[in-house]
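>>> here is my input; please provide its structure:
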Amino acid sequence: MSATRIPEATVARLPVYLRALNAMSEAGTTTCSSLELATAAGVNSAKLRKDLSHLGSYGTRGVGYDVDYLRYQISREIGLTQDWPVVVVGIGNLGHALANYSGFSSRGFRTVALLDADGSRQGEVVAGLEIRSFDDLEDVVTEHGVGIGVIATPAVAAQDVADRMVAVGIRSILNFAPTILALPEGVDVRRVDLSSELQILAYHEQRKASAASAPAIVVEQVARTAGGAR
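As a prediction, the model looks like this:
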């Protein structure tokens, strides 16, 4: 990994670059320019070059980037060259979908346990794993060395689940519950709020609809003005 701390904004874009590089590699592309990679990632090439400069110098002037080598370097930088055991808490509809999501295992994340407080769900097998009691969290963390926890519970339970995760040594949490978690310094939380994202899309849809109707309104107003002037 690079010796200096990488800015958070750059860290957030590294997975996007990696996804673009993976697609290029699958398509048989062996080298790419900064412009090609930036376009595939949806950023400008100057930002891409600045981001990658935090990792080191991996491009060749006049040639560009070796796709597979840059994939490896980014994967190494964000910790995907090792296996990360993950525990998912809350196996309702969302937790069930997350347990079956193949994208975790293909990107270096191994779901080692599914936990739920609902006794009626315990013993059910999902994606090859038996749902266990939430009370087993400490045993799971100790057994598998879990450092990443996923919360897929209702909002009302999320804070208690997060507190318990921190108490047993989990320091990185992916929170799907629609609530803000209050956790101590040193615990990294990424929040995925699906309803908020949909609301943002609704805002943009409303803006586009308003923009589309505006010309018709202007034409109608002009026509009325012209008719009154006769």
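
>>> only C-alpha atoms for contact and neighbour calcs from this point on.
Noted.

>>> top strand in this structure by residue count?
For the chain, the strand with the greatest residue count under DSSP state E is strand 109-116.

>>> quick one: mean pLDDT over that strand.
For strand 109-116, the mean pLDDT works out to 94.

>>> what does that strand contact?
83-91, 99, 104-105, 122, 129-134, 136-137, 140, 144 (Cα atoms under 8 Å, 6 or more residues apart in numbering).

>>> check stretch 131-142 too.
By Cα under 8 Å, 6+ apart, stretch 131-142 touches 89, 91, 112-119, 121-125, 146-147, 165, 168-170.

>>> of the residues you listed, grab the buried ones for PyMOL.
Under the burial definition 16 or more other Cα atoms under 10 Å, those of the contacts of stretch 131-142 that qualify are selected in PyMOL by:
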select buried, resi 89+91+112+113+114+115+116+117+121+122+146+147+165+168+169+170
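
>>> so which of the contacts of stretch 131-142 sit within strands?
89, 112, 113, 114, 115, 116, 125.

>>> what is the nearest of these to residue 35?
Of all the ones in strands among the contacts of stretch 131-142, residue 35 sits closest to residue 112, with 39.6 Å by Cα to Cα.

>>> can you pull out the strands in the chain?
31-32, 59-60, 64-66, 84-89, 109-116, 125-126, 129-133, 148-151, 172-175, 188-191.

>>> between those strands, which gets nearest to residue 208?
strand 188-191 (27.7 Å).
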